[in-house]
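[1] Here's my sequence, what's the structure:
(3 chains)
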Amino acid sequence: MKYLVWISVFFLALSCKTDKKNEATEKAPEVVETKEVNVYTHRHYPSDQELFAQFEKETGIKVNVVNAKADELMQKMTSEGEQSPADVLITVDAGRLVRAKNKGLLQGVTSAVLEKNIPAHLRDSDNAWFSLTKRARVIAYAKDRIKPEMLSTYEDLTSDKWNKKILIRSSSNIYNQSLLASIIAHDGGDKAKSWAEGMVANMARSPKGNDRDQVKAVVAGEGDIAVVNTYYIGKLLNSKNPEEVKAGEGVGIFFPNQETRGTHINVSGAGVAKYAPNKENAIKFIEFLSSKNAQEVFAKANYEYPVNPTVAPSELLASWGTFKEDVLPLAKLGENNKKAVLTFDEAGWQ
Amino acid sequence: MNLLEVTTLSKSFDHGKTMALDQVSFSIKKGKVITIVGESGSAKTTLIRLISGLETPDYGEIYLKETLISSVTTMIPPEKRNIGLVFQDYALFPHMSVADNIGYGIKNKKDKNIRIQEVLNLVGLEGYDKRYPHQLSGGQQQRVALARAIAPKPELLILDEPFSNLDTMLREQLRNEIFEIIKATGITAIFVTHDTEDALAVSDKILVLKQGKLIQKDKAKTLYKKPETAYVASLFGTIIELTPSILKEFDYPLNEKKQYALRAQDIKIEKNTDYTLDACIVKSHFMGEYYQLEMESPKGNHFLIHVNKKAKKQKMSIGFNEKDLMIFENEN
Amino acid sequence: MTKLVGNKNKIYSLENKAKRFKRDINQWSIITLIIGFIIAIPIATIFFKLFSGPGETWNHIVYTLLPKYVLNTGYLVVGCSILVLLMGVSTAWIVSRYDFPFRKQLEWLLILPLAIPSYITAYSYAGVFDYGGTLELLLRYFSISAIKIDIMNMYGLILILSLSLYPYVYVSARTVFLTQANNLIEASRLLGVGEFKTFFRLLLPLARPAIIGGLILVLMEVLNDYGAAKYYGISTFTTGIFRAWFALEEPETAVYLSAILVTIIFGLILLEKWQRQKIGYHNDIKSANRLLRKQIQSNKKWFLLSLASIPVILGFIIPVMQLLYWVGLTYEEVFSFEFLSIAGQSLGVAILAALLTTIFALGLIYFTKWNKLHFIKNLSKISTLGYAIPGAVIAVGVMIPTLFIDKWLYKVFRSVFEINIGLFINGTIIGLTYAYMVRFLAVAYNPIESSTLKIGDKISESSKILGKGNFITFFKVDLPLIKKGVLSGLLLVFVDVMKELPLTLILKPYTISTLAVKAYEYASDELIAEAALPSLLIICTGILPVIFLNKLITK
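    Numbering: from 1, shown residues only, chains lettered A, B, ... in the order given. Okay, the predicted model is just below:
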């Protein structure tokens, strides 16, 4: 008999549930003054933590951090829905920000500070997200074998002279996806596909490892040029491992497409979450990150280009020279991302 | 008063497709020892697991002291039945000393130590209380298992094949000892075995199980002398089936609808029997306590007989008496 | 005859069935069902997701990627099987059959590679053979011109995975050799059969079920591997799952791919069950004596020692040396108070998860025993299938239903108590521990179950017949006897949780981080040298349990 009681308790609880649902939707959520901001971030650099601490000190707003891959964070936000505690989403590429916006995970905000600090092409048209730092996808060449004059554009990499000479990582990497997405946006899908096929034909080896590994392979003579991110070259040159520094010093940096549309850039950026429980704090937080002080920290610590035009890049980055950047609206990268992945698959780019 | 009453007890392990135990009924009077005999697969273990409450019956009832303990609707758990069980492999608690093993089931905490000593004395293991099971011989483990089972003074004691793990010498001695203990305590007991010698030696009554069915229950002597089927007869000793053609050679007035058999030693090398026949020895085997002779009748029928002495002649008269002949209803 | 049939119909009539059901159902049946239900929800969620159909790129994947995934995964499975069997069985035989210097140490050293997550072994080998890597430095030191060995390919991956997983086969083969082989060897030698033939004709078939059991664990790990394959540029099913989920933004397609993977894994499990049933004899043979070791001549001694050390050197010493070298380069930067606190959190989470998982496994095993309904006994096994499912997929399976509950709780609390509780399960330690439990229940369940099987039911039945109820029986009789099984379950879950990555990444609360997550963060930022310190700590926590487990086997 006691089981019957249990079962009835269970059903009571169930019925309770449906009643409460109706009541709950009628009530408006209360607005409470809060002293915290919940940040979902893909970035996990010591410099970021330093900045977060500084923000806490300046404003008294506590920063709670969830670190994970952007995809996983977005998946989490989607599942959490209205109850998501996330206030700010930070990713390390524009594609994901666009994706988050299209999924309805972000909200547009108005902030004069942000509009002033960040150039228009580095912001979302609805101000759903803002870039914080930039990275350029450049060509690293073996100083001893290749003269920079031989290099010109991304498109030129498919020509015969680079047969079995190019090193580039796998297509599952977001920076490669973004690069192809930008080519799709500029040249169209067909040209992009033949570019990807041309690249595959010219690869010195099947794609593996990360950007550092590509540079090391150039120095080791497996190929002559590698398509890599400036950020990782910076890391390599500042490695604790003297052999890695040597590898970094063995390559020169070339910014492609200077005569045409400019070098492909990718950004790391932040947006305010759609259901942010601490929206005001979230805006304050992003404003802080775009401020001159914070941008200087980004520039110095992390070998990234600041987005705030008033801040100069670090010495190392400056030593590579200034370059013309592709001002394609970053939203295009997100829009064409999936197409890019499919194109990679069709071209057989592992 | 019946201490235990079992009615139409049934159990199947595959939802009734094959009956492990098929509507078995019997009862035990207080203070008696009964034996359940059957080959392996006869469900004797299932039957005692049902009685002790380790299995649930599909049908039928079990009453202990006129209280219903198992039925389709009732199931008193084993820990509340007050039945003792000695497993075939003893199942002593390996991490407890002999004293702890024996004391485990004693409810009265006050007299626990006294009771432990009492049963240790009873089974003849004084001074072994600090030992652990793995330090004991097989026979000693057996006694501890028995002591542990009787220590809480159960209403009913069940012994499942208690001697099957012991060698022949020890077995007979221990069998007698243990049943003396049982008789001495006046406990009601069920003894399960596939060895009919054990059964004949100790029990007041014997139940014979065959493939889950109770095929005969009787006193030992009756079962031996007047088995109801050839199967039961063969369980309690070698039998020689007498085919109609042999019986005709003996000039026996047979009934075609019946089956006839003799115990091997009831065929005698004598002329002075009720029915006789001259036969030849084809082969002779020395079997220790007796000789087994393979005989051939004049019409070429072969059969085996047991004799005490080595046969001297090739050809001899053999015969049997009417009173030794076992007659069964034809099983077909 | 008709009477009997009639009775049988009566015994199994619906009315009697209902009566028996009412008689046999008890609190344990219900609790078992509840536990089984709780553990099975995520797996069921994934299963039901299958009915909503794959995403739109399914065809694209089937035509352009699937053949490659299948082929690569096939190569990996075959290659790893061969290598793992070679290394695992031969070393098990050498250390159980022969006596040579350092044999005792080698016995447990051979299990140590299991303490290193395979992605870490993969990273360190890349570091060894890299440009400017350790090998090149060493060669340069001895003024030998560098030979470039490329490890980052299919062969390299097979080697790496085999090196880090062969201990599963080694352990199970050795157990059989040690406990069951002696009589056979003696009998075989009396018959004048040589050592070599005895091994192949008698002992290998004897140990086959155990070896294949170990092999299946290896293959599950191979199929679940993500980190190593991705870094080495080999596209497998699991890398495909991540690609479909994240790059193509189609969780449905990812679930479809994982369903194929899970089907393959379940196929393997069934295969193992089937072959175990077919060969039922191995349980019956038990040598009374442990295997006696052969003394051998001195030159052969050293040969055997070096032969059996190869897997230890390649699978443990070299990767650990490489990590130590990296730690030497980077420890100043990585080591901090925060790092210590992460190490502490890691330990805390792993201990909590190991305890709870073990308690649940114990509960599932014993409540099932105490329950009298037969169909529940079969059902409870299903809840141990989580181990076969990739961590990331489990994470999704946990997230969907727990969020549903969270949202409900949130509304109830807001309307009844006027409190905002936020998410109660998701993104909290509760959700994370729950996911670990789902994933690793089998890891605790199997050693506990096998130790209960070893004892058999008779002993606890004796206790019940002597008038003790379930709980007293459990604590006084069962638990002391299955202690070793419980302890090994506890330790295995602990080690697995310490190493676990994808599930932790998705479900961990913000305030908590683990060593594996820390190592991953460094590695994903291409700071592999910096990832060495947390990796090394993960390995350290894994070593102690491994040594302990070895003690359990040899005892």
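
[2] What distance do you get for the closest residue to B:Met96 other than its chain neighbours to chain A?
    Using C-beta to C-beta, 6 or more residues apart in numbering or on different chains and skipping residues adjacent in sequence, the residue nearest B:Met96 is B:Tyr104, 7.1 Å away. Every residue, glycine included, has its C-beta placed from N, CA and C. In this view, B:Tyr104 and chain A are 30 Å apart by C-beta to the nearest C-beta, to the nearest Å.

[3] contacting residues around the closest residue to chain B within the stretch 201-350 of chain A?
    Chain B sits closest to A:Asp345 of the stretch 201-350 of chain A, with a gap of 52.8 Å, by C-beta to the nearest C-beta. If you count contacts by C-beta atoms under 8 Å, 6 or more residues apart in numbering or on different chains, A:Asp345 has them with A:Ser171, C:His60, C:Ile61, C:Thr64, C:Leu65.

[4] one more time with 7 Å, if that's ok
    By C-beta atoms under 7 Å, 6 or more residues apart in numbering or on different chains, the contact set of A:Asp345 is C:His60, C:Thr64, C:Leu65.

[5] Scan those residues and report the most crowded one.
    Per-residue neighbour counts (other C-beta atoms under 10 Å in any protein chain shown) across these peak at C:Leu65, which has 22 neighbours.

[6] what's across from B:Phe328 in the sheet?
    Judged by DSSP bridges, the bridge partners of B:Phe328 are B:Gln259.

[7] restrict the contacts of A:Asp345 to those near chain A?
    Contacts with chain A within the contacts of A:Asp345, counted by C-beta under 7 Å from any C-beta of the partner chain: C:His60, C:Thr64, C:Leu65.

[8] Quick check: buried residues in stretch A:91-105?
    Within stretch A:91-105, the residues that qualify as buried are A:Thr91, A:Val92, A:Asp93, A:Ala94, A:Gly95, A:Arg96, A:Leu97, A:Val98, A:Arg99, A:Ala100, A:Lys101, A:Leu105, counting by 16 or more other C-beta atoms under 10 Å in any protein chain shown.

[9] Quick check: which of those residues are also close to chain C?
    Contacts with chain C within the buried residues of stretch A:91-105, counted by C-beta under 7 Å from any C-beta: A:Arg99.

[10] Contact residues of chain B facing chain C?
    Counting by C-beta under 7 Å from any C-beta, chain B comes close to chain C at B:10, B:15-16, B:23, B:52, B:54, B:56, B:58-59, B:72-75, B:78-79, B:83-85, B:87, B:89, B:91, B:93-95, B:104-105, B:107, B:152.

[11] Of those, grab the buried ones for PyMOL.
    A single PyMOL command is used to select the members of these judged buried by 16+ other C-beta under 10 Å:
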select buried, chain B and resi 10+23+52+54+56+58+59+72+75+78+79+83+84+85+87+91+93+104+105+152
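
[12] quick one: which of the residues of chain B next to chain C sit in helices?
    With DSSP state H as the criterion, helices contain B:Ser52 from among the residues of chain B next to chain C.

[13] for the lengthiest helix in chain C, packing partners?
    Among the segments of chain C that qualify as a helix by DSSP H, the longest is helix C:337-370. Packed against helix C:337-370 by the contact rule (3 or more C-beta pairs under 7 Å, 6 or more residues apart in numbering or on different chains; DSSP states H and E) you find helix C:27-49, helix C:374-382, helix C:429-455, helix C:479-499, helix C:515-524.

[14] And these: which comes nearest A:Asp211?
    Closest approach to A:Asp211 among the helices and strands packed on helix C:337-370 is made by helix C:515-524 (11.7 Å; C-beta to C-beta).

[15] now that closest one and helix C:479-499, what's the angle there?
    Counting by axes from the mean of the first three to the mean of the last three C-alpha atoms, to 10 degrees, helix C:515-524 lies at 20 degrees to helix C:479-499.

[16] Just the C-alpha atoms of the helix or strand following helix C:515-524, please, in PDB.
    Downstream of helix C:515-524, the next assigned helix or strand under DSSP states H and E is helix C:532-554. Backbone C-alpha positions of helix C:532-554 (Å, rounded to 0.1, in the frame of the first residue of the first chain) are rendered in PDB as follows:
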ATOM      1  CA  ALA C 532      53.000  20.000 -18.700                       C
ATOM      2  CA  LEU C 533      52.700  20.800 -15.000                       C
ATOM      3  CA  PRO C 534      48.900  20.100 -14.700                       C
ATOM      4  CA  SER C 535      49.400  17.000 -16.900                       C
ATOM      5  CA  LEU C 536      52.100  15.800 -14.700                       C
ATOM      6  CA  LEU C 537      50.000  16.300 -11.600                       C
ATOM      7  CA  ILE C 538      47.100  14.300 -13.200                       C
ATOM      8  CA  ILE C 539      49.600  11.500 -13.800                       C
ATOM      9  CA  CYS C 540      50.900  11.600 -10.200                       C
ATOM     10  CA  THR C 541      47.400  11.200  -8.800                       C
ATOM     11  CA  GLY C 542      46.900   8.300 -11.200                       C
ATOM     12  CA  ILE C 543      50.000   6.500 -10.200                       C
ATOM     13  CA  LEU C 544      49.100   5.700  -6.600                       C
ATOM     14  CA  PRO C 545      45.800   4.000  -7.400                       C
ATOM     15  CA  VAL C 546      47.500   2.000 -10.200                       C
ATOM     16  CA  ILE C 547      50.100   0.700  -7.800                       C
ATOM     17  CA  PHE C 548      47.300  -0.200  -5.300                       C
ATOM     18  CA  LEU C 549      45.300  -2.000  -8.000                       C
ATOM     19  CA  ASN C 550      48.400  -4.100  -8.800                       C
ATOM     20  CA  LYS C 551      48.600  -5.100  -5.200                       C
ATOM     21  CA  LEU C 552      45.000  -6.300  -5.400                       C
ATOM     22  CA  ILE C 553      45.700  -8.400  -8.400                       C
ATOM     23  CA  THR C 554      48.800 -10.100  -7.100                       C
END
